[in-house]
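Engineer: Got a predicted structure here, sequence first:
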Amino acid sequence: MPVKVTKLEGKPLGAVITLPEGCTDPSELSPEDFDTVYKALHEHLVIVIPGMEDLPPKSQWKLTTMFDPTCDQSGKSYGHGKEFRHDKSVLRRDGTSIPDQPQVQVLGQGEWPAGHYGLGDISLRHPTHFDFHKKPLTQEQAFEQDMTRFYRWHIDSALYGLSPPVATTLLGIHVPPHSRKQKVVYEDNGDVLELTQGATAFVSGAKAFEMLSPEDQERALKTTVVYAPHPYIFISSARATPDGLTMVSEGKETPFDELPPWEESKIKKLPLVWTNPITKKHHLQVHGCCIHKLELPDGTVLELDDARKEVYRMMRPAIAPENVYAHDWNKGDLAIFFNRGVWHSVTGQFSEGERRLMHQCNIASGQDPQTLTA
């Protein structure tokens, strides 16, 4: 039996992958079966393989590299580079690395005893909007009324020196039961999205592009996003909007001369729109929190505050509840998402004593994404 792809019914995107009988390691699929999975990823944007809780980190790393022949196959390259653990980076507390497979990050919540793939005692902390948003929810709203926020809508990428990964793999090893629900209440219009505690939210960059006016589409296709050097350190003292789409401009960004040493040649200047190589659809792909400037096709340059306002205007319609796929985690779910076609966000918060353990892997690509207009 070949690989089976089943579209998620009633969801704006996503599919479930059923492996051939007897196959327990998707990194060992035949070329024909992997081609089916590769196409499914680009067409459905998020694919989930159930029952993978025992997948070794080495297999997860190998599978991740298979989606991008241009990425470093030697195992020396990571998705975020060395600054992932910089003491001033907003990513610094988001996990730890597996010693024998450092490309695979261990994420989650709670205290875990020594012995997990060579790690000692580890303390994991689920990222929450309390540390990142300008105006977070109150403790009563979060823990008594079960309200939550999109933490940060983003693309997995260093956005400095390294090209954005093609795919991210995220494996749920220990997940809380589905009994606890939380709800995102949209600050600007009162919409509500109910989801399972700790769900990962995804939206399609293609849908975001389709929702633009024809005039905005034409301009977006020729617009360049300029990211700040060491962007996660640049924004470390700034705070985000209530929907996690971008940052509030208050002049709190780290001045360039106070950042770690940086090179002009490593600053990422990427198209605002990336073309899906399989479907040929255009995807609006921008990390709104890390943006520094927008270079418009008429030569106009929008500086930090105006650039944030402009990408916010384009991004906000796409995160309406009907456009969001919130993945409810089951033990053993291996979610693979097309990092060049979706934005995603952590959601939720955990109470003291609640635990979660996950493995994440993405590898910097060997080339930047492109916009194809022919």
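Structural biologist: That came in fine, so what should we check first?
Engineer: what about the helices in the chain?
Structural biologist: Using DSSP state H, the helices found in the chain span residues 31-44, 57-66, 139-143, 205-210, 214-220, 231-234, 304-315.
Engineer: To residue 179, which of those lies closest?
Structural biologist: helix 139-143 (15.5 Å; C-beta to C-beta). In this view, the C-beta of every residue, glycine as well, is placed from N, C-alpha and C.
Engineer: Which residues does the closest one contact?
Structural biologist: Residues outside helix 139-143 that contact it (C-beta atoms under 8 Å, 6 or more residues apart in numbering) are 130, 147, 148, 349, 351.
Engineer: Tell me where the longest strand sits in this structure.
Structural biologist: Counting residues, the longest strand in the chain under DSSP state E turns out to be strand 101-112.
Engineer: can you state the direction angle for that strand and helix 57-66?
Structural biologist: 130 degrees (axes from the mean of the first three to the mean of the last three C-alpha atoms, to 10 degrees).
Engineer: in its sheet, what does strand 101-112 sit against?
Structural biologist: strand 96-98 (antiparallel), strand 122-124 (antiparallel), strand 356-362 (antiparallel) (DSSP bridges).
Engineer: follow-up on the earlier one: show the buried residues in the contacts of helix 139-143.
Structural biologist: Using 16 or more other C-beta atoms under 10 Å as the burial test, these include 147, 148, 349 as buried.
Engineer: Which ones among those lie within strands?
Structural biologist: Per DSSP E, the buried ones among the contacts of helix 139-143 map to strands at 147, 148.
Engineer: so which of the buried ones among the contacts of helix 139-143 comes closest to residue 2?
Structural biologist: For the buried ones among the contacts of helix 139-143, the nearest to residue 2 is residue 148 (39.4 Å; C-beta to C-beta).
Engineer: Local confidence estimate at the nearest residue to that closest one once chain neighbours are set aside?
Structural biologist: Nearest non-adjacent residue to residue 148, counting by C-beta to C-beta, 6 or more residues apart in numbering: residue 182, 4.3 Å away. At residue 182, the pLDDT value in this model is 95.
Engineer: For residue 182, give the beta-bridge partners.
Structural biologist: According to DSSP bridges, beta-bridge pairing links residue 182 with residue 195.
Engineer: Is it in contact with residue 145, as I believe?
Structural biologist: No: using C-beta atoms under 8 Å, residue 182 makes no contact with residue 145, being 9.4 Å away.
Engineer: quick one, which of those two is more surrounded?
Structural biologist: Per other C-beta atoms under 10 Å, whichever of residue 182 and residue 145 has more neighbours is residue 182, with 22 against 13.
Engineer: Number of residues surrounding residue 34?
Structural biologist: Residue 34 has 17 nearby residues by other C-beta under 10 Å.
Engineer: And the pLDDT at it?
Structural biologist: With respect to pLDDT, residue 34 has a value of 98.
Engineer: Need the residues that contact stretch 230-243.
Structural biologist: So stretch 230-243 is contacted by 83, 86, 88-91, 129, 132-135, 149-150, 152-153, 159-160, 186-188, 228, 246-250, 252-254, 256, 259-260, 262, 287, 289-290, 292, 312, 316, 319 (C-beta under 8 Å, 6+ apart).
Engineer: re earlier: quick one, which of the strands paired with strand 101-112 is nearest to residue 324?
Structural biologist: Between the strands paired with strand 101-112, strand 356-362 lies closest to residue 324; by C-beta to C-beta that is 19.9 Å.
Engineer: Low-confidence regions, the stretch 251-374 of the chain specifically.
Structural biologist: 374 (pLDDT under 70).
Engineer: again, only using 90
Structural biologist: 351-353, 372-374 (pLDDT under 90).
Engineer: show me where it has strands.
Structural biologist: 269-271, 273-275, 282-284, 291-295, 301-302, 325-327, 334-338, 342-346, 356-362 (DSSP state E, counting those that start in this stretch).
Engineer: Which of those sits closest to residue 30?
Structural biologist: The nearest among those, by C-beta to C-beta, is strand 334-338 at 17.5 Å.
Engineer: In contact with the nearest residue in space to residue 370 that is not next to it in sequence, which residues?
Structural biologist: Counting by C-beta to C-beta, 6+ apart, the nearest residue to residue 370 once its immediate chain neighbours are dropped is residue 275, at 6.1 Å. Neighbouring residues of residue 275 by C-beta under 8 Å, 6+ apart: 281, 282, 283, 369, 370, 371, 372.
Engineer: for the fifth one, phi and psi?
Structural biologist: Translated: residue 370. phi -130, psi 160 (degrees, to the nearest 10).
Engineer: Kindly report the same for residue 51.
Structural biologist: The phi/psi pair for residue 51 (degrees, to the nearest 10) is phi 70, psi 30.
Engineer: what about the closest residue to it other than its chain neighbours, how many neighbours?
Structural biologist: Closest residue to residue 51 in three dimensions, ignoring its sequence neighbours and counting by C-beta to C-beta, 6+ apart: residue 332, at 4.6 Å. The number of residues packed near residue 332 is 17, by other C-beta under 10 Å.
Engineer: before we move on, what about residue 8?
Structural biologist: Neighbours of residue 8 (other C-beta under 10 Å): 16.
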